[in-house]
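> Pasting the sequence and the predicted model now:
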Amino acid sequence: MEISSILQGGYNHPLARQWQAQRQLDKNMLMYPIFITDDPQAEVVIPSLPGQKRWGVDKLEGFLGPLIKKGLKSVILFGVPLNCQKDERGSPADDTEGPVIQAIKKLRTLFPELYIAADVCLCEYTSHGHCGLLHEDGTINTPPSVERIAEVAVNYAKAGAHCVAPSDMMDGRIRAIKLGLMGAGLGNRCTLMSYSAKFASSLYGPFRDAAGSAPSFGNRKCYQLPPAGRGLARRAIIRDVSEGADIIMVKPALPYLDIIASASELAPNHPLACYQVSGEYAMIVAGAKAGVYDLKTMAFESADSMLRAGATLILSYFTPQFLEWLDEEK
Ligand SMILES: NCc1[nH]cc(CCC(=O)O)c1CC(=O)O
Ligand SMILES: [Zn+2]
Ligand SMILES: [Zn+2]
C-alpha cells in the first residue's frame, strides 16, 4: 500500500470523524417554521405533517417556552387564516387583528430573545390562492403584486418582525421591500431574507394542506422556478443580491444541493439559508416509519449535506428534534 492510500486513520474515532466536517450543525443555525391560525385557542394536528400543529396565539407560550429552554433561537411564522374573508388582494395578510401580526407582537413580549421571521406571501390570503394579484385572464399582474407584497412586509416589520421573508417570487419585490423598509425607518432594523431560488416543487403538498394555500386554479409554474432551471436560479440569486437581500435562500433543499453550492459561490458575502420543506420532512419521516433508515441518522445526514453544500442556516420542521438530538451523544 502507498502511504497516500491510507485514509481511514483520519476518521476511525468518533471525534476525528466530527473534525472531517467543515461546519457542524449548531442550534443557532436552525429556524423553525410554525403555523399560526386565527383561533387563539387552536392546537390542531396537521395530518400530512406528522408532529406539527396549527397554533393559536394563546398557545404560543406553552408551545415555544420549552423549546426556547432547549436552545431554540429563531422561528419563521406562516399565517393560516380560517375565519376571515379572503379577497383578490389578500387583505387579511396584514390585518392588525390577523394571526401573523398578533403572533409577532405576542412573541416579542413573551420571548424578547427570540428572533422572529415572518414569511411574506399572499396565497394564504387571496380568494384565488395565488401568490400575487391577477389580471382578469388569471395571469400575474406584477406591479400591483410587488406593491402589495412590500406593503405587507413593511407592516410585519412595523409590528416587530426581525426578518421579513418574501416567498411569493414576484419580480422586483426585493428592491420594493427594501425601499419600503427604508422609507419606514426600518431599513437597518429588519433583515430581508429572499426566497431567491424557490422552485415549483412537488414537495410543498403538506404545507399547502397545512396552510390552506393551494391555488384554486392553475399552478405556480409561471412564478416559481422550473426544477431543471439552474441558470435561472443563478440569475435570481444575483438579482436578489443586487436588489438588497440580506439573506439568500434556496428551496427545497435536498434535491437542490447543487443550487445551494452555486449560491454559496455567487453570494459568498451573504448568509445562505435553505428550506427543508414540508414534503422533504414528510418523506424522511415516512421512510423511517417504513424501516428504510433510522430517523435521527437520516435527519442529520440531510442537514450535513446542506451544510456541506454551503448553507449557513436551515429552516426545518425537524428543529425541535434537532434541539434534543444535539444534546445527545453523537
Ligand atoms: N408562498 C407559499 C409558500 N411558502 C412556503 C411554502 C412551502 C413550504 C413547505 O413546503 O414547507 C409555500 C408553498 C408554495 O409555494 O406553494
Ligand atoms: Zn405564496
Ligand atoms: Zn410563503
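Yes, it's here. Ligands and ions are numbered 1, 2, ... in the order given.
> Tell me how far the closest residue to Lys106 other than its chain neighbours lies from ligand 1.
The shortest distance from Lys106 to any non-neighbouring residue, by Cβ to Cβ, 6 or more residues apart in numbering, is to Val57 (5.3 Å). Using the backbone N, CA and C atoms, a C-beta is placed for each residue, glycine as well. Val57 is 20 Å from ligand 1, where distance means Cβ to the nearest ligand atom, to the nearest Å.
> and what of Asp26?
Going from Asp26 to ligand 1 by Cβ to the nearest ligand atom gives 22 Å.
> So that residue versus Leu257, what's the distance?
Taking Cβ to Cβ, to the nearest Å as the measure, Asp26 falls 19 Å from Leu257.
> Between these two, point out the one with more neighbours.
Leu257 (18 against 13; other Cβ atoms under 10 Å).
> what's the neighbour count on the residue nearest to Leu110 when sequence neighbours are not counted?
Computed as Cβ to Cβ, 6+ apart, the closest residue to Leu110 that is not its neighbour in sequence is Glu61, at 5.4 Å. For Glu61, the count of nearby residues is 14 (other Cβ under 10 Å).
> thinking Glu61 is in contact with Leu114, fair?
No: taking contacts as Cβ atoms under 8 Å, Glu61 lies outside contact range of Leu114: 11.4 Å.
> Spit out the contact partners of the closest residue to ligand 1 within the stretch 101-250 of the chain.
Closest approach of the stretch 101-250 of the chain to ligand 1 (Cβ to the nearest ligand atom) occurs at Phe207, with a separation of 3.1 Å. Listed by Cβ atoms under 8 Å, 6 or more residues apart in numbering, the contact set of Phe207 reads Leu49, Phe78, Ser213, Val277, Ser278, Gly279.
> Of those residues, which belong to strands?
Counting by DSSP state E, the part of these found in strands is Phe78.
> hang on, the earlier thing: is it correct that the residue nearest to Leu110 falls within a strand?
No: under the criterion used here (DSSP: H, G, I helix; E, B strand; the rest coil), Glu61 is helix, not part of a strand.
> switch to numbering from 27
Sounds good: first residue 27 from here, last item Glu87.
> Report pLDDT for it.
Here, the pLDDT recorded for Glu87 equals 98.
> Spell out the residue ranges of the strands in the stretch 177-326 of the chain.
Assigned by DSSP state E, counting those that start in this stretch, the stretch 177-326 of the chain shows strands spanning 189-192, 217-224, 273-277, 298-302.
> so Gly198 sits right up against Thr168, yeah?
Yes: shown here, Gly198 and Thr168 form a contact pair, counting by Cβ under 8 Å, at 7.0 Å.
> which bits of the chain sit near ligand 1?
Contacts of the chain with ligand 1, taken as Cβ under 6 Å from any ligand atom, map to 145, 147, 149, 157, 193-194, 230, 233-234, 239, 246, 303-304.
> if you look at the residues you listed, which of them are in helices?
Among the residues of the chain next to ligand 1, DSSP state H puts Phe233, Arg234, Ser304 in helices.
> Can you add pLDDT and distance to Gly186 and give the residues you listed back as CSV?
Formatted as CSV, these follow (pLDDT from 0 to 100; distance: Cβ to Cβ, whole Å):
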residue, pLDDT, distance to Gly186
Phe233, 93, 25
Arg234, 90, 28
Ser304, 97, 26
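> from the residues you listed, which single one is nearest ligand 3?
For these, the closest approach to ligand 3 (Cβ to the ion) belongs to Phe233, at 8.3 Å.
> Generate JSON lines for the ones in helices among the residues of the chain next to ligand 1, with distance to Ala314 as supplementary columns.
As requested, these are exported to JSON lines (distance: Cβ to Cβ, whole Å):
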{"residue": "Phe233", "distance to Ala314": "20"}
{"residue": "Arg234", "distance to Ala314": "23"}
{"residue": "Ser304", "distance to Ala314": "16"}
